[in-house]
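Engineer: Below are the sequence and a predicted model for it; my questions follow.
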Amino acid sequence: MILAAAAGLALADASIVTLGLPQILRDLNTTVEGVAAVIGVYTIVLAVALIPLERAATNLGARSIGATGFVVFAVASVAAASANDLTGLLIARSVQALGGAAGLVAAFSVIAADERSARRLWIGAAVVATAFGPALGGALTQLFDWRAIFVFSVPFGAAAAVACLAGPRIGAPGGVTGEHEPFEWRPALALILVSAALAAVLFLLVLELVAGFGVSPLRGALTVTVLPLAALVATRIGGPAGVRACAGCALVAGGVLALAWLPDSSAGWTIIPQALAGVGMGLAFTSLGGELLPERTAYDAARLLTLRHIGIAAILAILAPIAAHELNVTTEKAREEGVALVLDAQLSPQKKLSLAPALLKGVDSANPRRGLSTAVDKERPGFTGSDLVAFDDLAKRADETLVNAVIDAFRTAYLVTGLIGALAFLLLLPSAMRIGSSAAAALAGAGVLMVLAPVAYVVAHNRVAPAEVAIQDPCHANRQTPGTGGITGFLQDQALKLLDTTACRVGSSREELVLALADKSDAKRFQKEHGVNPRSVGGLLGALIGGGGGG
């Protein structure tokens, strides 16, 4: 059981470590690509090392290779917990994966020594650890920080090393050696694709919830636990392996595609898509590994794990740059939309122009919603009476706009991930359809859910999500001024008209100009894009905003 637990930690690495990624993103001052590499480098090394280490275990003995591997895993976990920069963490993760690969090969060999319980223990280690991985990672991150995730692994690695040395001698009857059965290419490719899809959705959903929506790590962990728990339940579903695998891939695709159109930041909207993807995960993994693809020997297990981790590494390499780019673009767009909301709000003119950049310049792609919330809390005490009512309404609308931007930012990555699951479904469909009429009915139902779930979420998104804030062309804008009245209202109207005139002249939006006048980083970006220093054209506007390119 100690070996099964340690193997489970190594297999469920992505589901556990993913909950610490938002903190790593902030603490190590890295990027979305950087935190993706924290998981990606582990999966790459694991994929490369598994089969050579299985050969070494066959020749040198699984107990010695396993004990050495688990010691290396424990030591590397200490190094990962002590890392102060991304480079150090990635090196530690590489060594951790090397030790984990050796440990996994030995763990399967020891577990398989009793053929009657081998399959149950191996699946249990993988699925149960994956099911409780998010909650474990979230709890450790919430109670301590991301380093606690790696510290937690140390005693398990040490105990597993002792278990390897003290365990029974491993021989051929247990499945360590034997004939290497060939893989059929369709199930093998489907396993790569569905593994990629499930790792990606966990990675994307955690980043979206914790970094994008600003929920706590523990709450995010409890939310994403729905997916692996649904998978655990689905492992009890029977039927022909080909049908279960094909239907499972369809459900994964449908659930992931639905996540692309979350109506708002409520965790409740993620439950149904996660449940669909989780049931699909349980059906696909248990039928592909060990039934459609052989998993009797340690060599078989190493091949299956290699395929799975090739898929995980490939999808993270593809999606991380997409998610990072989209998040940067949509966050900048959301900041401009927030400025537009402020400029049109029914607030006292003397506060409005300085409020716009004050609220939005702290919003960045690393944690956009939290940046807005901090700015709102800072600015709110400066308003009273009707201005306070207008300010609260403005803050609510700005938050909704930002949430919608985060959802938009992750959409492309979810769509790519969902289509990968759909491709796995299509790969397995021809052989699954040959099983019989009952199979056709089950596959038709799964196919309907694959289409119906995202369609339903598109409809819900269109009904619930706030209307997009228009960023008008300042050269052709026909705006209604806020009309607050009095001399200050008149001055405000003139300032807003001057904003339009100036923005038109330099080829920007008025919202972009306001941000550039108030913040140095925005000013540099403005000058790079438009070839004009905003301070040279700001003049009176800079004085009214209170920044003049400072910040």
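Structural biologist: Received it, and whenever you're ready, just let me know what you need.
Engineer: how about the nearest residue to residue 267, chain neighbours excluded?
Structural biologist: Distances taken as CB to CB, 6 or more residues apart in numbering place residue 223 nearest to residue 267, at 4.5 Å, with adjacent residues excluded. Any C-beta I mention is one placed from the backbone N, CA and C, and that applies to glycine too.
Engineer: you'd agree the one you found is up against residue 270?
Structural biologist: Yes - applying CB atoms under 8 Å, one finds residue 223 in contact with residue 270, separated by 6.1 Å.
Engineer: can you list residues touching both of the two?
Structural biologist: Common contacts of residue 223 and residue 270 (CB atoms under 8 Å, 6 or more residues apart in numbering): 205, 209.
Engineer: Residue 192: what's it in contact with?
Structural biologist: Per CB under 8 Å, 6+ apart, neighbours of residue 192: 307-308, 310-311, 314.
Engineer: Of the residues you listed, which belong to helices?
Structural biologist: For the contacts of residue 192, membership in helices holds for 307-308, 310-311, 314, with DSSP state H as the criterion.
Engineer: hang on, residue 503 packs against residue 474?
Structural biologist: Yes - at 4.0 Å, residue 503 counts as touching residue 474 under the criterion of CB under 8 Å.
Engineer: Could you tell me which residues touch both of these two?
Structural biologist: 509-510.
Engineer: Around the closest residue to residue 439 other than its chain neighbours, how many other residues sit close by?
Structural biologist: The spatially closest residue to residue 439, leaving aside those adjacent along the chain, is residue 243, at 4.5 Å (CB to CB, 6+ apart). Other residues within reach of residue 243, judged by other CB atoms under 10 Å, total 24.
Engineer: residues in contact with residue 280?
Structural biologist: If a contact means CB under 8 Å, 6+ apart, then residue 280 has 194, 234, 247-255, 421 as its contacts.
Engineer: Could you rerun that using 7 Å?
Structural biologist: 248-252, 255 (CB atoms under 7 Å, 6 or more residues apart in numbering).
Engineer: before we move on, which element is the residue at minimal distance from the centre of the chain in?
Structural biologist: Nearest to the mean C-alpha position of the chain, by CA atoms, centre = their mean, lies residue 204 at 1.9 Å. Element membership for residue 204, per DSSP states H and E: helix 185-206.
Engineer: do you know how far the spatially closest residue to residue 31 that is not a sequence neighbour is from residue 144?
Structural biologist: Spatial nearest neighbour of residue 31, chain neighbours left out: residue 324 (5.8 Å); criterion: CB to CB, 6+ apart. Distance from residue 324 to residue 144, counting by CB to CB, to the nearest Å: 27 Å.
Engineer: the more surrounded of the two?
Structural biologist: Shown here are residue 324 and residue 144; by other CB under 10 Å, residue 324 has more neighbours (20 against 12).
Engineer: what helix or strand is that one on?
Structural biologist: Assigning secondary structure by DSSP H and E places residue 324 in helix 298-344.
Engineer: the inter-axis angle of that helix versus helix 185-206?
Structural biologist: Interaxial angle, helix 298-344 versus helix 185-206 (axes from the mean of the first three to the mean of the last three CA atoms, to 10 degrees): 40 degrees.
Engineer: could you give me the average pLDDT of helix 298-344?
Structural biologist: When pLDDT is averaged over helix 298-344, the result is 88.
Engineer: If I take the lengthiest helix in the chain and helix 298-344, what angle do their directions form?
Structural biologist: Secondary structure assigned by DSSP H gives helix 385-433 as the longest helix of the chain. Per the same axes, to 10 degrees, the angle that helix 385-433 makes with helix 298-344 is 150 degrees.
Engineer: What distance do you get for the residue nearest to residue 267 to residue 493?
Structural biologist: Distance of residue 223 to residue 493, given as CB to CB: 46 Å.
Engineer: So between those two, which is more surrounded?
Structural biologist: A count of neighbours by other CB under 10 Å puts residue 223 above the other of residue 223 and residue 493, at 22 against 16.
Engineer: so which strand or helix has the more buried one?
Structural biologist: helix 217-224.
Engineer: List the buried residues in that helix.
Structural biologist: 217-218, 220-224 (16 or more other CB atoms under 10 Å).
Engineer: Make TSV from those and add pLDDT and distance to residue 415 to it.
Structural biologist: As requested, those are arranged in TSV below (pLDDT from 0 to 100; distance: CB to CB, whole Å):
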residue	pLDDT	distance to residue 415
217	86	26
218	85	29
220	87	22
221	84	25
222	87	26
223	91	21
224	88	19
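Engineer: Using TSV, please lay out those residues together with distance to residue 8.
Structural biologist: Listed next are the buried residues of helix 217-224 as TSV, based on distance: CB to CB, whole Å:
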residue	distance to residue 8
217	21
218	21
220	21
221	17
222	20
223	21
224	17
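Engineer: how far is the longest helix of the chain from where the chain is centred?
Structural biologist: Computed by CA atoms, centre = their mean, to the nearest Å, the chain-centroid distance of helix 385-433 equals 12 Å.
Engineer: Could you point out the helix or strand that follows that helix?
Structural biologist: helix 437-464.
Engineer: List the buried residues for that following helix?
Structural biologist: Within helix 437-464, the residues scored as buried using 16+ other CB under 10 Å are 439, 442-443, 446-447, 449-450, 453-454, 457, 460-461.
Engineer: what's it packed up against?
Structural biologist: If you count contacts as 3 or more CB pairs under 7 Å, 6 or more residues apart in numbering; DSSP states H and E, helix 437-464 packs onto helix 241-259, helix 271-288, helix 385-433.
Engineer: Try it again at 6 Å.
Structural biologist: helix 241-259 (3 or more CB pairs under 6 Å, 6 or more residues apart in numbering; DSSP states H and E).
Engineer: Using PDB, list the CA coordinates for the helix it packs on.
Structural biologist: Taking C-alpha atoms only, helix 241-259 is exported to PDB below (Å, rounded to 0.1, in the frame of the first residue of the first chain):
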ATOM      1  CA  ALA A 241     -14.100  -1.800 -23.800                       C
ATOM      2  CA  GLY A 242     -14.400  -0.300 -27.300                       C
ATOM      3  CA  VAL A 243     -17.700   1.300 -26.500                       C
ATOM      4  CA  ARG A 244     -16.600   2.600 -23.200                       C
ATOM      5  CA  ALA A 245     -13.500   4.100 -24.600                       C
ATOM      6  CA  CYS A 246     -15.200   5.800 -27.500                       C
ATOM      7  CA  ALA A 247     -18.100   7.100 -25.500                       C
ATOM      8  CA  GLY A 248     -15.700   8.300 -22.800                       C
ATOM      9  CA  CYS A 249     -13.700  10.400 -25.400                       C
ATOM     10  CA  ALA A 250     -17.000  11.900 -26.600                       C
ATOM     11  CA  LEU A 251     -18.000  12.900 -23.000                       C
ATOM     12  CA  VAL A 252     -14.500  14.400 -22.400                       C
ATOM     13  CA  ALA A 253     -14.900  16.500 -25.600                       C
ATOM     14  CA  GLY A 254     -18.400  17.700 -24.700                       C
ATOM     15  CA  GLY A 255     -17.500  18.700 -21.200                       C
ATOM     16  CA  VAL A 256     -14.400  20.600 -22.200                       C
ATOM     17  CA  LEU A 257     -16.100  22.400 -25.000                       C
ATOM     18  CA  ALA A 258     -18.800  23.500 -22.600                       C
ATOM     19  CA  LEU A 259     -16.200  25.100 -20.400                       C
END
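Engineer: contacting residues around that helix?
Structural biologist: Residues from elsewhere that reach helix 241-259, judged by CB atoms under 6 Å, 6 or more residues apart in numbering: 194, 197, 201, 273, 276-277, 279-280, 283-284, 287-288, 291-292, 414, 417-418, 421-422, 424-425, 428-429, 431-432, 435, 439, 442-443, 446-447, 449-450, 453-454, 457.
Engineer: any idea of the mean pLDDT for that helix?
Structural biologist: For helix 241-259, the mean per-residue pLDDT is 96.
Engineer: do stretch 7-23 as well
Structural biologist: On average, stretch 7-23 scores 81.
Engineer: And the contacts of that stretch?
Structural biologist: Contacts for stretch 7-23 (CB under 6 Å, 6+ apart): 35, 39, 42, 100, 104, 107, 125-126, 129-130, 133-134, 136-138, 141, 146, 149, 153, 156, 199, 202-203, 206, 210-211, 217, 221.
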